[in-house]
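S.K.: next comes the sequence, and after it the predicted model I'd like to discuss.
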Amino acid sequence: MMNAKEMLSILCLDTDMSWIAKVCEGEGLKVQLQEMTWAAAGRSRLQDGTLDGVVIGQEVWAKLREGPAIVGLRPLLILGEPFSAASAAEAIKWGVLDCVDRADAVRLGARIRGLVRAQGDRDLLTEVLSYIEDSLMVARMLPGDGYEIIYRNPACTRRMGSAGTSGDRLLCLSPGPRTDVRKLDEIRHEMRAGHPVRAELVDYRPNGEMLWTEFSAAPLTISDYWVAVSRDVTRRHESEDNTQRLRDLVVKSQKHENTAVLAAGIAHDFNNILTGIVGSAELARMAIPEEHTVQQDIETIIRASERAAELTRELLDFAGPGKGSLEPVYLNSMVTTMLVILRSQMQKSIVVRKALRPDIPPIEADAAEIQQVMLNLCLNASEAMADTGGTLSITTDRVDIGDQDRGRFAYGRPQSGTHAVFEVSDTGCGMEASLLPRIFEPFFTTKEGARGIGLSVVLSIVKAYSGGIDIETEPSQGTTIRIFLPAAPARERRRPTEVRRVDAAEPSTILFVDDEEMLRSLAQRALEPLGYRVLVAPDGLEGVRIFRENMAHIDLVILDLSMPRKGGEDAFKEMQALDARVPVLLCCGYDEASAQEKTRGSHFAGYLAKPFGVGTLIETVRLALSKARA
C-alpha cells in the first residue's frame, strides 16, 4: 500500500521501457511513466522536483558520466547488462541508487517499491530540516569561483530570499562596508583545496541589514559537492560586545578612582603648602604698617593663593566621584577647568573655541555629574573629528523658557523659567536624521571601537535635574548639542576673615596635630601672641601621646585628617576614649559636607578646611572654645 503518494512519477530514459509497467503492475504499484529520450530531457529534466525517480539505460549512463557528479538529483536506477562490482561501486559513488540487470524483474520491482519508502523518507527529512533554524545547503563547486546550489533547507530559503540559487552566494549573501574580502578569499582557497572550513563572517541581508554568521563547510564523498551550514550569531556578538563595553567601563572607573586617589593626595599636599603661604603672608601683613608699599605685594600673594586653592578644589571635584549632594555650580568656571584636562586628550588638529557669557546663573546640581556631562559631550565631538580635524566650539548662555517652549524639546522636559545653557558644536561627520531617535540608547554607537554609553549617561543626568536637550545634525555638516539646566540662586562667595588682634579671654591650651612642619609653625606664630599655649605634634601617634600626658590642661585639639603612622580618625577615637570632653576640630582639604561624609560616625566639634588663613584659624579657635565653655 502506498504511504506517501497514490501514484509514483518515474522518468524513463531508454530505448525500451514498456516492460517496466508490467513489473510495477506485478508488484501492485501505481506508476506514471514518462518516457523520453536523452536529447529531449537532458540534465535539467532530471532535477524536476515532481519526479519520484529516474530509470535510465546504459547508453544514457555513459552520457551522464561525461558531466559532473549527479548527487542531489532524483533517485536514479540504471538498467543494463550484468554489472561488475567495480562498475556498480563507481555508479553508486556518483549518486546512483542501484544498477539492475534487465532480466532481474524481482530486483527491479523491489527497487521501485523502495522509491515509495524513499519518498516517505524524503518527506520526513524535509519536515525535520524545516525545524532547523540554521541555514543548510548542498552545493556543487563550479569551475572558477562559483557554486551551484543543489538543496536549501527552509531556513536558508527564508534568509537568502531569491538570492543564492547560483553564482557566488555560498559564503556571502551580499557584500557591505564591513565585509572581510580577504577572509572570504582565504575560505575560497581552502575549499578549492578540499579542506573543511569554519569562520565567523560579517554578512548583509538582501535588505542591507548587517548580521554576523558562523559559517562552516565540508566536502562530501561525491567529488565537488559540499555541505555548508550558516548560523546567525548576531545576538551573541552584540552580547559579547556589550559585555566588553561593560568591562571597559569598569576599567575606566577603576582608573578614575585611581586618579581620584592621586588627586586627593596632591590636593592634600598642595593645600598644606597654600595654607603656609596664605598664613605667612597674613602674618607679614600684620607685622608691618598698613601704609607700607609691600602691603600691596602681600595682598597679591594672598589673592593668588586663594585662586590656587579654588582651582585645587575644582580639580579634586572633577577627578573624584560625585558627593551626591547639591550645590551651586558655575558653568563658566567648570568649562575653564574641564578644558585643562580635555586638551590633553584631543588631537592637535582640533581647534577649541569657547564663548562664555559672563552673566550665566549658577545651577543647583552635583558638580561631578555636570562635569561628566560636559566631558562626555566634548569627547564625542572630538571623536567625530578624529580623522579630519576641525573646530570644537563650547558656548554658554542664559535662556528664559516659557510654557509654550517646553514642548519643543525632544529629550527631557525643562520647567519654565531661567536656564543656564551649555552648548557643544563640532564640524565633524554628523549623522542621518533617522539615527537621532537611537543616539541616547545604551551601547548604541556609529563609531568603531566606541562604547556607546556616553550620551545615555548625559540624558540620564539632564533629566534628573529637570533639564532638556536640543540637537542639530546633518551628514558631513557636524553636530550641535545644547544642554538646558534650570538656574538656581547665585552662590554667595565667602570673603576672607579679617584678622583681629585680641587676647584670649582665658588662658587656653591647644594641641595642633599636623604632619606639615610649616603649618605647625604657623599655628604657633598665629595663636601664641594672642595668649594661647600651643602644643604641636607631627602625626597622630605623637599627638595621642601628648594628649595623654597633658589632657588635664588641653582645651582644644586641631587634628589633621591625613597623616603618616596614625591618621586623624584613629587618633580622634583614641583621644575620645581618654577624655571625651575635649573638643576636636578636624583639619582637612575637603569642604565640610565632604569631610562629614568621609568621617561619618565621628563626632567632631567642627571642621577647619584647608587652605586657611590666620584670620580663619583664629576665628575658628575662638568659636570652638566659646562653644565648649557655654
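M.R.: Good, I have the coordinates. Quantities reported herein were computed from a predicted structural model and do not represent experimental measurements.
S.K.: please make it C-alpha for all contacts and neighbour counts, starting now.
M.R.: Will do.
S.K.: can you tell me how far V23 is from R107?
M.R.: 10 Å (Cα to Cα, to the nearest Å).
S.K.: go on, I277?
M.R.: In terms of Cα to Cα, I277 sits 112 Å off from R107.
S.K.: more neighbours, these two?
M.R.: When neighbours are counted by other Cα atoms under 10 Å, I277 and R107 differ, and I277 comes out ahead with 22 against 16.
S.K.: now R236: how far from R178?
M.R.: For R236 relative to R178 (Cα to Cα), the value is 18 Å.
S.K.: D405 now?
M.R.: For D405 relative to R178 (Cα to Cα), the value is 43 Å.
S.K.: mind listing what's buried along stretch 380-399?
M.R.: 380-386, 389-398 (16 or more other Cα atoms under 10 Å).
S.K.: ends of that stretch, what's the gap?
M.R.: OK, stretch 380-399 end separation, Cα to Cα: 25 Å.
S.K.: what does it rub up against?
M.R.: Residues outside stretch 380-399 that contact it (Cα atoms under 8 Å, 6 or more residues apart in numbering) are 331-332, 346-347, 349-357, 359-361, 378, 418-430, 454, 479.
S.K.: for D232, give the beta-bridge partners.
M.R.: Applying DSSP bridges to D232 yields these beta-bridge partners: T213.
S.K.: now do the same contact list for it.
M.R.: So, once contact is read as Cα under 8 Å, 6+ apart, D232 ends up touching 134, 211-214.
S.K.: what about S84, neighbour count?
M.R.: 9.
S.K.: offset the numbering so it begins at 9, please.
M.R.: Okay, residue one is now 9; in that scheme the one you just asked about reads as S92.
S.K.: can you pull the phi/psi pair for it?
M.R.: phi -80, psi 160 (degrees, to the nearest 10).
S.K.: what separation is there between it and G614?
M.R.: Going from S92 to G614 by Cα to Cα gives 109 Å.
S.K.: what is the least confident helix or strand in this protein?
M.R.: Between all helices and strands in the chain, the lowest mean by mean pLDDT, DSSP states H and E belongs to helix 600-606, at a mean of 60.
S.K.: show the pLDDT at the residue in the chain sticking out farthest from the centre.
M.R.: Using Cα atoms, centre = their mean, the residue of the chain lying farthest from its centre is A111. It sits 74.8 Å away. As predicted, A111 sits at a pLDDT of 75.
S.K.: would you map the strands across the stretch 209-358 of the chain?
M.R.: With DSSP state E, counting those that start in this stretch, the ranges of strands along the stretch 209-358 of the chain come out as 218-227, 233-240, 335-337, 358-364.
S.K.: which one of those lies nearest to G597?
M.R.: Of all the strands of the stretch 209-358 of the chain, strand 335-337 sits nearest to G597, with 17.7 Å by Cα to Cα.
S.K.: sheet partners, orientation included, of that closest one?
M.R.: Paired with strand 335-337 in the same sheet, following DSSP bridges, are strand 371-373 (antiparallel).
S.K.: buried residues, the partner strand. List them.
M.R.: Across strand 371-373, burial judged by 16+ other Cα under 10 Å covers 371-373.
S.K.: quick revisit: highest mean neighbour count out of the strands of the stretch 209-358 of the chain?
M.R.: Mean neighbour counts were taken over the strands of the stretch 209-358 of the chain using mean count of other Cα atoms under 10 Å, and the top value, a mean of 20, falls to strand 233-240.
S.K.: now the angle from it to strand 218-227?
M.R.: 150 degrees (axes from the mean of the first three to the mean of the last three Cα atoms, to 10 degrees).
S.K.: got the CA positions of strand 233-240 in PDB?
M.R.: This file holds the C-alpha atoms of strand 233-240, laid out as PDB (Å, rounded to 0.1, in the frame of the first residue of the first chain):
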ATOM      1  CA  TYR A 233      29.900  18.600  -3.700                       C
ATOM      2  CA  TRP A 234      29.900  20.500  -0.400                       C
ATOM      3  CA  VAL A 235      27.500  20.900   2.500                       C
ATOM      4  CA  ALA A 236      27.500  24.300   4.100                       C
ATOM      5  CA  VAL A 237      25.900  25.400   7.400                       C
ATOM      6  CA  SER A 238      25.500  29.100   8.300                       C
ATOM      7  CA  ARG A 239      24.200  30.300  11.800                       C
ATOM      8  CA  ASP A 240      23.100  33.800  12.600                       C
END
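S.K.: let me know the average pLDDT across it.
M.R.: Strand 233-240 comes out at a mean pLDDT of 84.
S.K.: what's the answer for stretch 92-108, then?
M.R.: For stretch 92-108, the mean pLDDT works out to 75.
S.K.: for that stretch, measure first residue to last.
M.R.: From its first residue to its last, stretch 92-108 covers 11 Å (Cα to Cα).
S.K.: buried residues, it. List them.
M.R.: 96, 99-108.
S.K.: these into a markdown table, with extra columns for secondary structure and distance to R311?
M.R.: Below are those laid out as a markdown table (DSSP: H, G, I helix; E, B strand; the rest coil; distance: Cα to Cα, whole Å):
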| residue | secondary structure | distance to R311 |
| --- | --- | --- |
| A96 | helix | 105 |
| A99 | helix | 101 |
| I100 | helix | 99 |
| K101 | helix | 96 |
| W102 | coil | 96 |
| G103 | coil | 96 |
| V104 | coil | 100 |
| L105 | coil | 101 |
| D106 | strand | 104 |
| C107 | strand | 107 |
| V108 | strand | 110 |
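S.K.: does the residue farthest from the centre of the chain count as helix, strand or coil?
M.R.: What DSSP: H, G, I helix; E, B strand; the rest coil gives for A111 is coil.
S.K.: what does the one 5 residues further on give?
M.R.: Reducing the assignment to helix, strand or coil with three-state DSSP, the entry for L116 is helix.
S.K.: follow-up on the earlier one: and which of the buried residues of stretch 92-108 is nearest I18?
M.R.: L105 (13.8 Å).
S.K.: who does the spatially closest residue to A225 that is not a sequence neighbour form a beta bridge with?
M.R.: With Cα to Cα, 6 or more residues apart in numbering as the criterion, A225 has its nearest non-adjacent residue at 4.2 Å, and that residue is A236. A236 has the following beta-bridge partners by DSSP bridges: M145, A225.
S.K.: shaky segments in the stretch 259-408 of the chain?
M.R.: 259-276, 318-333, 352 (pLDDT under 70).
S.K.: rerun at 80
M.R.: For the stretch 259-408 of the chain, applying pLDDT under 80 flags the ranges 259-280, 299, 301, 311, 313-335, 345-346, 348-356, 376, 394-395.
S.K.: domain parsing for this structure?
M.R.: Split into domains by automatic domain parsing, the chain comes to 16-138, 143-240, 339-498, 517-637.
S.K.: between the longest strand anywhere in the chain and strand 358-364, how many degrees?
M.R.: Secondary structure of the chain read by DSSP state E shows that its longest strand is strand 398-409. Per the same axes, to 10 degrees, the angle that strand 398-409 makes with strand 358-364 is 20 degrees.
S.K.: parallel or antiparallel, list what pairs with strand 398-409.
M.R.: strand 358-364 (parallel), strand 425-434 (antiparallel).
S.K.: quick one: contacts of stretch 408-415?
M.R.: With Cα under 8 Å, 6+ apart as the test, stretch 408-415 has contacts from 421-427.
S.K.: got those as a markdown table, with pLDDT, neighbour count and distance to L72 columns?
M.R.: What follows is the contacts of stretch 408-415, written out as a markdown table (pLDDT from 0 to 100; neighbours: other Cα atoms under 10 Å; distance: Cα to Cα, whole Å):
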| residue | pLDDT | neighbour count | distance to L72 |
| --- | --- | --- | --- |
| R421 | 75 | 18 | 76 |
| P422 | 80 | 24 | 79 |
| Q423 | 80 | 18 | 82 |
| S424 | 82 | 14 | 85 |
| G425 | 86 | 12 | 87 |
| T426 | 90 | 18 | 87 |
| H427 | 90 | 25 | 84 |
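S.K.: and the two most separated of those?
M.R.: R421 and T426 (13.8 Å).
S.K.: disregarding residues adjacent in the polypeptide, which is nearest to I195?
M.R.: Leaving aside its sequence neighbours, I195 sits nearest to V205 (Cα to Cα, 6+ apart; 6.6 Å).
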